[in-house]
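Asks: Give me a model of this one.
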Amino acid sequence: MSSPTEITSGPWAGWKTWPHDNFETHAGPFYSQMQDGEIVNRFIAEARHINGGGSIHGGCLLTFADYCCFTIADAAIAGRAVTVNLSGDFLSAGKLGDVMEGRGEVTKSGGSMIYVRGLITASGKPCLSFTSVLYRMKPNSPAGKAPVPA
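Replies: The predicted model follows:
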């Protein structure tokens, strides 16, 4: 996994982002920052994140949840990993202009698997709870060739 880039100016100064992931950059961009020993992830809901019903699109929320899993588990990954499971429970709707924030924790890390859980809020209101399982790649595994865990 490549290193994040720190933003040095503008409203996100002091935050980091991973610009090497084309999809996340297009969908977000999403930002992360260490605050009081905890990774905090954020983005501001824009018109392009909103579905036909006027709420943040569920696919956007799940993409952000996946991003959060990797920032939360970054120290445990210590290299590269892929998502083998991502589950989310929609709790409320996010709206245009909401500050979307994701926090969470690694609940178990051992061998090749890392388990993460977290919560995304929309301007402080619980919006999506998520759990994920990440597969830690072997150092010389080619990209896109992760073995399926047994």
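Asks: CA only for contacts and neighbour counts going forward, please
Replies: Fine.
Asks: longest helix of the protein?
Replies: Secondary structure of the chain read by DSSP state H shows that its longest helix is helix 58-72.
Asks: Mind listing what's buried along that one?
Replies: Buried residues in helix 58-72, counted by 16 or more other CA atoms under 10 Å: 58, 60-72.
Asks: so Pro139 touches Ala78, yeah?
Replies: No. In this structure Pro139 lies outside contact range of Ala78 using CA atoms under 8 Å: 9.6 Å.
Asks: Between its first and last residues, how far does stretch 89-104 reach?
Replies: Across stretch 89-104, the terminal residues are separated by 14 Å (CA to CA, to the nearest Å).
Asks: what's next to stretch 117-129, contact-wise?
Replies: Under the contact criterion CA atoms under 8 Å, 6 or more residues apart in numbering, stretch 117-129 has outside partners 61, 65, 69, 88-95, 98-107, 130-132.
Asks: Just the buried residues from these, in ChimeraX please.
Replies: Entered in ChimeraX, the line below selects the buried ones among those, by 16+ other CA under 10 Å:
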select :61,65,69,88,93,94,95,98,99,100,101,102,103,104,105,106,130,131,132
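Asks: Counting by contacts, list what the helix or strand bottoming out on mean pLDDT in the chain packs against.
Replies: Here the helix or strand of the chain ranked lowest by mean pLDDT, DSSP states H and E is helix 22-27, holding a mean of 85. In terms of contacts (3 or more CA pairs under 8 Å, 6 or more residues apart in numbering; DSSP states H and E), helix 22-27 is packed against helix 58-72.
Asks: Repeat the analysis, applying 7 Å as the threshold.
Replies: Of the remaining helices and strands, none touches helix 22-27 by 3 or more CA pairs under 7 Å, 6 or more residues apart in numbering; DSSP states H and E.
Asks: what's the following helix or strand after it?
Replies: strand 31-35 (DSSP states H and E).
Asks: now that next one and helix 58-72, what's the angle there?
Replies: Computed by axes from the mean of the first three to the mean of the last three CA atoms, to 10 degrees, the angle separating strand 31-35 from helix 58-72 equals 40 degrees.
Asks: So, low pLDDT: which residues of the protein?
Replies: 1-2, 140-150 (pLDDT under 70).
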